[in-house]
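*Asks:* Sharing a model prediction with you, sequence too.
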Amino acid sequence: MWYNNSMDSHICLEKLKEYIERTKEILELSSPLVTGINNSEEYRLHLQSSFQKIGELSRENNQILNEYFFPMVEKDRIPTEEEVAIMREFSSLLVDPTNMENFDLHLIYLQAKTILKAAEKSGDLRSLILALDNMVISTYTMVNLTIRLYPYLDVCYKYRDEGIKAALKILDYLEPEKFASLPDDECRELVLINSRYIRSLFEWDDKKDRAKHNKEDLRLMKQALAIAEDPFYREMMPNYRWDVHIFRTLQYISDFTEHNNSHGFTRDELEEILGYTKKLIEFLNEHPELEEGCPESEQQFYLARNRYLVGELSPEAYRKTLVGIMKSRDSDDFTARSMFINFIVPLEYILSLEGQKMSAQDEDVLRKIYEVLARYAYHMPKTGVFTFMITFLTEILQHYVEVPGGISFRDMCLKLMAAMHPPTYVHSLNVADISWRITHHLIEKQPELFIGVADAVDADDVVVRRKDILDFVYESALLHDVGKLYIAETILTYGRSLIKPEFEIVRAHPAVGASMLSLYDSTKDYVEVANGHQRWFDDSSGYPKSFKNSKAEHPTVVAIVEVADCLDAATDSIGRSYKRGATLDEFVEELRETRGTRYAPYVVDLFEDPSVRNEFNAGLTHLRNMNYREAYNTLKEL
């Protein structure tokens, strides 16, 4: 699309603003609070009405993007100056600077790549610096979005490498002669800012080179501090906020030891980091006007963690400090600042317990932490700092500690699913019930299919162990979509059609869910179903490709959950699609067409039985109503 005059550009920008407003409305409609809703039927009808409205808004949004946005970011063309100006303005509108967050990361990333391509082509130095900085910011947000996709971290590292490449190009202009050649103070400021936060882009996966990376991280931050003391840069940029530069650099160094020193800094390096932490506190005492960016509780936290890591503070004293900080948290504060006290501090408490014998007090603290998390996630607006919340929340799940009388890992996952995306929670309940019913009929007709499940040794033993088998299938199906907790903001992308990188993220959820469930004895038996529920029966398609039904321990259970998953998705209209759900007969026709390829023949054949089909026809509505009641009651407790 070529914009030949300011009127065309104005119309385009106004249309893109409409997209933003509709998307905000869609996010509010997709996960409504139950406050003011009197019963489960009212809740179901409210969701149904909301998703009908979402469908209308989504169609309008897709039309706008297809007409006004996607032509600007086509891969094989360079955008015009007018289009670059439009994209810059659109990106700024998508970002909420007060919350360090935005609600459409992928569109911002697409624009950043396109703007950089145009800047490189133009040869204009100012445009290039602005575009490189934009690329650094957008890839940083994409790293935060994808760093949780265990074990598919290649996606994350792709964005990391792009960000580092852009940041290093910017840092090349720190060389005095190049710095002086920059066209204006805005470009110089961006170069200086990048010098202090490039380290945020480093997410290293190779443990063997970790020592080298840690040394480089420290070198970069020391360089940023040295710049602040260099008369050349001071003279070149007399109006630059050097106090903020020093403060932020010291803060970033103090935070190098995040996640209980997961980066593996040596004892000498930890001592050095502690020294910088003490300098941070001294600096803030001298510049109290900066304390809003790092309140006393955060200073106390950095000092306690780094003293603990070098052995100056006992584990018990460290955790006592963390508890004191957590007591001051406001569980109704959903700003960026709240992430520190509501997630980072609890996460560090949990990590400090690894390999240690827990006291009764530790167990009590953990119970309280977990009780607050689900409620916080439920009330968290789906804009704001939602992406950062999920990043910290998933870290907590990766290190979850089950305690007597507390919320089990299984129950925590289900609570969070209900809190963050009720339609997925209801879907999981539906799939569990449908899988149970399919299993019930198959045990009667072909019990030999379940030999090996629940330790059944032959067909007769299957009948004896019927209840255990049904329970196993139900639990497997209930947790089949648990990996979607890690990609919540992607499945909340209702305002438009997903683009290719988002499909990559969605396709990661089975393996991510399997990785989660493998962490705990109480859920590890359900790994296979989580990993295989999107893989075709004959292994010819679906994902992940690494999963093979032909080598599965319980292929019958995987096959049952796959059909149940597709049946619910196809016949439901709430939270799964924006059009009328298919009838059961229409879905059975799909089963017939892919019998033996996508779907297991024995499950397809089961639905050819008129009595079975009639039972499902009569029971699906009741089943869904029952599960919306369960969702409503769960959310009322939050």
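*Replies:* Cool, got the structure.
*Asks:* Skip the chain neighbours and tell me the closest residue to the residue of the chain most remote from its centre.
*Replies:* Ranking residues of the chain by C-alpha distance from their mean position (CA atoms, centre = their mean) puts Asp460 at the top, at 45.4 Å. Among residues not flanking Asp460 along the chain, Pro447 sits closest, at 7.8 Å (CB to CB, 6 or more residues apart in numbering). In short, each C-beta sits where N, CA and C put it, glycine included.
*Asks:* Is it correct that that neighbour is in contact with Val453?
*Replies:* No: applying CB atoms under 8 Å as the test, Pro447 and Val453 come out as separate, 10.3 Å apart.
*Asks:* Mutual contacts of those two, please.
*Replies:* Val462 (CB atoms under 8 Å, 6 or more residues apart in numbering).
*Asks:* so where do the helices sit in the stretch 351-500 of the chain?
*Replies:* All helices of the stretch 351-500 of the chain, identified by DSSP state H, counting those that start in this stretch, fall at 360-379, 386-398, 409-420, 422-445, 459-464, 466-478, 488-491, 500-507.
*Asks:* do you know which of those helices lies nearest Thr523?
*Replies:* Checking the helices of the stretch 351-500 of the chain against Thr523 by CB to CB gives helix 409-420 as the closest, at 5.6 Å.
*Asks:* quick one: that closest one to chain centroid distance?
*Replies:* 15 Å (CA atoms, centre = their mean, to the nearest Å).
*Asks:* Any idea which of the helices of the stretch 351-500 of the chain gets closest to Ser573?
*Replies:* helix 422-445 (10.5 Å).
*Asks:* sorry, back to before: how near is the residue nearest to Asp460 to Glu475?
*Replies:* 20 Å (CB to CB, to the nearest Å).
*Asks:* repeat for Ala552
*Replies:* Ala552 is 17 Å from Glu475, where distance means CB to CB.
*Asks:* ok so, going back, how about the contacts made by the residue nearest to Asp460?
*Replies:* For Pro447, counting by CB under 8 Å, 6+ apart, the contacting residues are 459-460, 462-463.
*Asks:* rerun at 7 Å
*Replies:* 459, 462-463 (CB atoms under 7 Å, 6 or more residues apart in numbering).
*Asks:* so which of these is the most crowded?
*Replies:* Sorting these by how many neighbours each has (other CB atoms under 10 Å) puts Val462 first, at 23 neighbours.
*Asks:* my guess is that residue meets Leu449, correct?
*Replies:* No: using CB atoms under 7 Å, Val462 is not in contact with Leu449; the gap is 8.2 Å.
*Asks:* for this protein, where's the lowest mean pLDDT among helices and strands?
*Replies:* strand 101-102 (a mean of 60; mean pLDDT, DSSP states H and E).
*Asks:* circling back to that earlier point, let me know which of the helices of the stretch 351-500 of the chain is the nearest to Glu289.
*Replies:* The nearest among the helices of the stretch 351-500 of the chain, by CB to CB, is helix 386-398 at 25.5 Å.
*Asks:* Give me the mean pLDDT for the closest one.
*Replies:* Averaging pLDDT along helix 386-398 gives 89.
*Asks:* how far is it from where the chain is centred?
*Replies:* With CA atoms, centre = their mean, you get 7 Å for helix 386-398.
*Asks:* and if you look at stretch 592-601?
*Replies:* Distance, centroid of stretch 592-601 to centroid of chain: 33 Å (CA atoms, centre = their mean).
*Asks:* any idea of the mean pLDDT for it?
*Replies:* 97.
*Asks:* Kindly report the same for stretch 418-430.
*Replies:* For stretch 418-430, the mean confidence score works out to 93.
*Asks:* Equivalent analysis for stretch 475-484, please.
*Replies:* 97.
*Asks:* Pull it out as CSV, backbone CA atoms only.
*Replies:* Output of stretch 475-484 as CSV, limited to C-alpha atoms (Å, rounded to 0.1, in the frame of the first residue of the first chain):
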residue,chain,number,x,y,z
GLU,A,475,-6.9,-37.1,34.8
SER,A,476,-4.8,-37.3,31.7
ALA,A,477,-7.5,-35.5,29.7
LEU,A,478,-8.1,-32.9,32.4
LEU,A,479,-4.4,-31.9,32.2
HIS,A,480,-3.9,-32.3,28.5
ASP,A,481,-3.8,-28.5,27.8
VAL,A,482,-1.8,-27.5,30.9
GLY,A,483,0.9,-26.1,28.6
LYS,A,484,-1.4,-23.3,27.5
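*Asks:* what about the strands in this structure?
*Replies:* 95-96, 101-102 (DSSP state E).
*Asks:* that older thread, which one among the contacts of Pro447 gets closest to Thr493?
*Replies:* Within the contacts of Pro447, proximity to Thr493 (CB to CB) peaks at Val462, which comes in at 42.5 Å.
*Asks:* List the contacts of the closest one.
*Replies:* By CB under 7 Å, 6+ apart, the neighbours of Val462 are 443, 447, 450-451, 456, 469.
*Asks:* Let me know the pLDDT of Glu562.
*Replies:* At Glu562, pLDDT is 97.
*Asks:* if I pick it, what's in contact with it?
*Replies:* Per CB under 7 Å, 6+ apart, neighbours of Glu562: 533, 599.
*Asks:* how close does it sit to Gln361?
*Replies:* 45 Å.
*Asks:* what does Leu353 give?
*Replies:* 11 Å.
*Asks:* try Val612
*Replies:* To Gln361, Val612 is 54 Å away according to CB to CB.
*Asks:* Which of these two has more residues huddled nearby?
*Replies:* Using other CB under 10 Å, the more surrounded residue of Val612 and Gln361 is Val612, with 18 against 12.
*Asks:* quick one: contacts for that one?
*Replies:* Counting by CB under 7 Å, 6+ apart, Val612 has contacts 441, 606.
*Asks:* if we go to 10 Å?
*Replies:* Going by CB atoms under 10 Å, 6 or more residues apart in numbering, Val612 touches 437-438, 440-442, 445, 605-606.
*Asks:* Could you turn the buried ones of these into a ChimeraX selection?
*Replies:* Buried subset of the contacts of Val612, written as a ChimeraX selection, criterion 16 or more other CB atoms under 10 Å:
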select :437,438,441,442,605,606
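*Asks:* Leu270 - how many residues pack around it?
*Replies:* Leu270 - counted by other CB under 10 Å - has 19 other residues nearby.
*Asks:* Tell me if I'm right that it and Asn261 touch.
*Replies:* Yes: contact criterion CB atoms under 10 Å: Leu270 and Asn261 qualify, at 7.0 Å.
*Asks:* Overlap of the contact sets of the two?
*Replies:* 306, 308-310.
*Asks:* Same list (those) but as TSV, adding pLDDT and neighbour count.
*Replies:* Below are these laid out as TSV (pLDDT from 0 to 100; neighbours: other CB atoms under 10 Å):
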residue	pLDDT	neighbour count
Asn306	98	26
Tyr308	98	24
Leu309	98	20
Val310	98	17
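*Asks:* So which of the residues you listed is the closest to Arg410?
*Replies:* Using CB to CB, the shared contacts of Leu270 and Asn261 come closest to Arg410 at Tyr308, 31.6 Å.
*Asks:* Let me see the contact set for that closest one.
*Replies:* The contact partners of Tyr308, taken as CB under 10 Å, 6+ apart, are 257, 260-261, 270, 274, 314-315, 317-319, 321-322, 348, 352.
*Asks:* And the buried ones among the residues you listed, selectable in ChimeraX?
*Replies:* Buried subset of the contacts of Tyr308, written as a ChimeraX selection, criterion 16+ other CB under 10 Å:
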select :257,260,261,270,274,318,319,321,322,348,352
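*Asks:* Alright, I will stop here.
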